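Chemist: Task: produce atomic coordinates for the following.
(chains A and B)
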Amino acid sequence: MIGNTIAAMLGVPPTDFNSFESISTVTVSTTAATVTFSSIPSTYTHLQIRAMSVNTAGALGNYTILNFNGDTGSNYSWHYVMSDGSTAYSSASSATGSIRFDQVRGGTNSNTYPQSTVFEILDYASANKNKTTRALDGGNGNGAGGVSLNSGAWYNTNAITSIVLSSYSSGAPSLFGTNSSFALYGIKG
Amino acid sequence: MASTYTPITTQTLSSSQTTITFSSISSAYTDLRLIAMPFSTVNGMNYQFQINGDTGSNYSYTAIRANGAAASASQTTNGSFFDNLNMGVYTTTPHIYRYDLMNYSNATNNKTVLMRFDEISGFTAVSVGLWRSNSAITSITLTAITNQFASGSVFTLYGIKAA
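Modeler: Numbers count the residues shown, from 1 in each chain, chains lettered A, B, ... in the order given. This is a model prediction of the structure:
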């Protein structure tokens, strides 16, 4: 048998299926610049956000940023490795104001070319360690697409009680499109 | 809170076979996750992934894979299936393949599948696939392109339900 914490880190199912619980879901009915999960209970070991979304800005240059507990200071870092179908490349930023993962597909709603993301925050309720995140993210437009593996860190030992996801494109705020959905789950150790 | 991560069904092969099918998939969940640990009858077997029996040119995907020396990118448009990125299933070395099918029962949007391929002997890869259909996903079929899935292969389909 594999422990639930190890299972979560490997991305395989927990052995105790009561350990994976739905906390909250946000579905965008028209458009939204941000999606917020607040008052997150500390009763889990890890958090997972499963999203199907779209950025209204256009086809390329889009991304989503995340902030924890309202902190927009230069307390984050992120890395990713990505494919656009023809080239593999990577990027990183440190001492920056958010964690970022690219959201390559654009459009007015998520019906045609939805972007999918599985984003995880490990040991989010710990009060004595900085926080680490990871994500698998991708979208394909039947001719253009991208897929990425992302890691991030928040250099703060506070328990995470709120998460704000913001839509961006080419350095400017953008919008999540119609029917974008974000589901927050808790995973017990 | 109620459990939201539910095993729907597991197929463990007791003999070799060419095709693995999950059919009559309930629409009661938000996402599906398929965990596959396949073995093959001959080293290097590849297989295809199709949805709802659709063999038309409705599949496209973008991928990245690394072999320890270099990372490479690839893309397929208007394909007739999602492949396993030529990862080559082995007879004894287990691979772990994971498929996340988001909002699979939604009848208004095309479907995106996140795929992750891990194998010990040489590669790791991820891929995102687009299936151009707004039909709810009710079946998934894995078909060996050459040779067969071997005895001991395990395939488990899970349902994940959002609040």
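Chemist: did I read that right, A:S116 in a strand?
Modeler: Yes - A:S116: assigned to a strand according to DSSP: H, G, I helix; E, B strand; the rest coil.
Chemist: does it have beta-bridge partners, and which?
Modeler: A:M52, A:G138 (DSSP bridges).
Chemist: quick one: the strands in chain A?
Modeler: Counting by DSSP state E, chain A has these strands, from start to end: A:20-27, A:34-37, A:46-53, A:62-68, A:76-83, A:88-96, A:99-102, A:115-122, A:131-140, A:145-154, A:163-169, A:172-173, A:181-187.
Chemist: swap that for chain B, sorry
Modeler: Using DSSP E, strands in chain B cover B:5-12, B:19-22, B:31-37, B:47-51, B:59-66, B:71-79, B:82-83, B:95-101, B:111-119, B:124-131, B:140-144, B:154-160.
Chemist: Touching the shortest one from outside, list them.
Modeler: In this structure, residues lying in contact with strand B:82-83 by CB atoms under 8 Å, 6 or more residues apart in numbering or on different chains are B:46-50, B:59, B:61, B:76, B:113, B:115, B:127, B:129, B:145. C-beta: built from backbone N, CA, C; applies to glycine.
Chemist: Repeat that for the first one.
Modeler: Residues outside strand B:5-12 that contact it (CB under 8 Å, 6+ apart): A:13-14, A:17, A:19-20, A:185, B:20, B:22, B:25-26, B:29, B:32, B:152-161.
Chemist: can you check the last one too?
Modeler: Residues lying outside strand B:154-160 but in contact with it, judged by CB under 8 Å, 6+ apart, are A:13, A:20, A:50, A:185, B:4-13, B:20, B:22, B:25-26, B:28-38, B:140, B:142.
Chemist: Can you give me the buried ones in it?
Modeler: Buried positions in strand B:154-160, judged by neighbour count with 16 or more other CB atoms under 10 Å in any protein chain shown: B:F155, B:T156, B:L157, B:Y158, B:G159, B:I160.
Chemist: what's the closest of those residues to chain A?
Modeler: B:Y158 (5.8 Å; CB to the nearest CB).
Chemist: The closest one bridge partners, please.
Modeler: B:P7, B:R33.
Chemist: center of chain A - which residue?
Modeler: A:F119 (4.0 Å; CA atoms, centre = their mean).
Chemist: residue contacts, B:S127?
Modeler: Per CB under 8 Å, 6+ apart, neighbours of B:S127: A:G138, A:V147, B:Y61, B:T62, B:A63, B:I64, B:F82, B:L85, B:L114, B:M115, B:R116, B:F117.
Chemist: So how do I select the buried members of those in PyMOL?
Modeler: Provided next is the PyMOL selection string for whichever of the contacts of B:S127 are buried by 16+ other CB under 10 Å:
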select buried, (chain A and resi 138+147) or (chain B and resi 61+62+63+64+82+85+114+115+116+117)
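Chemist: farthest-separated two in the contacts of B:S127?
Modeler: Farthest-apart pair in the contacts of B:S127 is B:I64 and B:F82; separation 14.8 Å (CB to CB).
Chemist: Can you pull the poorly scored residue ranges out of chain B?
Modeler: For chain B, the stretches with pLDDT under 70 are B:1-3.
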